[in-house]
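In: Need coordinates for the following:
(2 chains)
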Amino acid sequence: MTRRAAVLLAAVLAAAPSATGPAAGQEEKATGTTYHFGVSPSRTTLLFESETSVETIHGVTHTMSGAAVLDGEKGTGSVEFKVPVKSLETGISLRDEHLRSEDWLHEAKHPEISFKAALKRSKVDEATKKETWGYDGEITIKGVTKALKGDATVQRIPDDLGKKLGRGSWIKVKTDFPITIKEFGIEVPEVAAAKVSPTWDVRVDIFGTTAAPEKE
Amino acid sequence: MKGLLRVLGFAGLAVGVLAYPAAWGVGAAAGRDLLIVEAADAASVEANRGLWEIDGSEKKGVPGIYGTPRGVERLVLVPADRVFRPREDPSLAIYLKRAGDHPTQAQTLFFFALPSTIGGLVAGGAFLFLASRRKSPAPA
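Out: Predicted coordinates for the structure are as follows:
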């Protein structure tokens, strides 16, 4: 190769779009550390609660899949996770069947509840390694998608503690928000009106790890 | 037959009259206000305790060591060994809720008291009415 040809080739390569950079018209891919959720049921707790004067229904699932990408330098990120409807439990199997039925979450047609959001860090406590991340995204229940905004507490777990939880570097994420079930096309039948609240409180208390889940 | 109807009638009235006092009595005598915590496994408890210490070991954070706190509720007929007092704050009375647990809530007793009252009074009244309409057997 002549010197002139080598210079020309270098110029062409420099002008070409980077293989890792975003192409024109494409959304920039989130960069940062990926934390996987739902790796282990014992590290995953999602609670939902309906409170009336008659009864407080305590629901829970320890099953979810998804991940958050957190860019510690920029303070931005994204999150996406899914919860299988069939994993939701209230402590009474007959009631769980009702919850999965057509009148309620219609598991046969809408087997998953999903959530995705953009993240922006708003606060950092250096002493406790606790950070507040705002989320602004969408939740889909029974095929109906609604906006969901809120704040989550993210705490980085020191390596010596994290080792006991399993592979990778760990974080703990906590948040809570209310869900008005009518907005998702779920009408409480009159017969259950005294026992089921129109608004359910959801509490998320999960560990995330940089180690990807092992494929089955 | 008349005697049986009268017994059923008075029993129904008794259920109707006593349902609410019974619900209140059971709730008061056998009920406890407990903080319900969705229990975490041992490794998570250890990690949570470490984070709690980093956070400054405040008492308000103690329930979170053992799982995900839900709130205080009055539960009835909870065995004594299910009431957990954490060493970090023994003044707390915690019910560690595990998979499949469905403790009876005091408020649920009151829910069942209303239909019991109405049902008892209506059925009791009906039996007594039927008893009053039946003639006593003629003396032999």
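In: Could you tell me which residues of chain A lie near chain B?
Out: Taking CB under 8 Å from any CB of the partner chain as the test, the list of chain A residues beside chain B reads A:42-43, A:45, A:47, A:49, A:53-56, A:58, A:60, A:89, A:91-92, A:127-130, A:155, A:157-158, A:160-162, A:164-166, A:170, A:172, A:194-195, A:203, A:205, A:207. Quick note: C-beta positions are derived from backbone N, CA and C, even for glycine.
In: Sitting in strands, which of these do you find?
Out: A:45, A:47, A:49, A:56, A:58, A:60, A:130, A:155, A:170, A:172, A:203, A:205, A:207 (DSSP state E).
In: Distance to B:Val72 and neighbour count added to those residues, as TSV?
Out: Conversion of these to TSV gives the following (distance: CB to CB, whole Å; neighbours: other CB atoms under 10 Å in any protein chain shown):
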residue	distance to B:Val72	neighbour count
A:Thr45	19	22
A:Leu47	15	21
A:Glu49	13	21
A:Thr56	11	18
A:His58	13	23
A:Val60	18	21
A:Lys130	25	18
A:Gln155	25	20
A:Trp170	30	25
A:Lys172	24	23
A:Arg203	15	18
A:Asp205	18	23
A:Phe207	26	28
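In: and the two most separated of the residues you listed?
Out: Of all pairs drawn from those, the one with the longest distance (CB to CB) is A:Thr56 and A:Trp170, at 31.4 Å.
In: Nearest residue to A:Thr209 in space, please, no chain neighbours.
Out: When the adjacent residues along the chain are set aside, A:Thr209 lies closest to A:Gly168, with 3.8 Å between them (CB to CB, 6 or more residues apart in numbering or on different chains).
In: I misspoke; the intended subject was B:Ala123.
Out: For B:Ala123, ignoring the flanking residues on the chain, the nearest one in space by CB to CB, 6+ apart is B:Gly12 at 4.1 Å.
In: now swap in A:Val202 and tell me
Out: Nearest one to A:Val202, counting by CB to CB, 6+ apart, is A:Phe48 at 5.1 Å.
In: is it true that that neighbour touches A:Val60?
Out: Yes - with contact defined as CB atoms under 8 Å, A:Phe48 reaches A:Val60; the gap is 7.5 Å.
In: Overlap of the contact sets of these two?
Out: Contact with both A:Phe48 and A:Val60 is made by residues A:Leu88, according to CB atoms under 8 Å, 6 or more residues apart in numbering or on different chains.
In: any idea how far stretch B:98-116 is from the chain center?
Out: The offset between the C-alpha centroid of stretch B:98-116 and the centroid of the whole chain comes to 5 Å, using CA atoms, centre = their mean, to the nearest Å.
In: residue boundaries of the helices in the chain?
Out: Going with chain A. The residue ranges that make up the helices of chain A, judged by DSSP state H, are A:3-15, A:93-100, A:159-165.
In: that's the wrong chain, I meant chain B
Out: Listed in chain order, the helices of chain B (DSSP H) span residues B:2-30, B:42-54, B:62-65, B:106-133.
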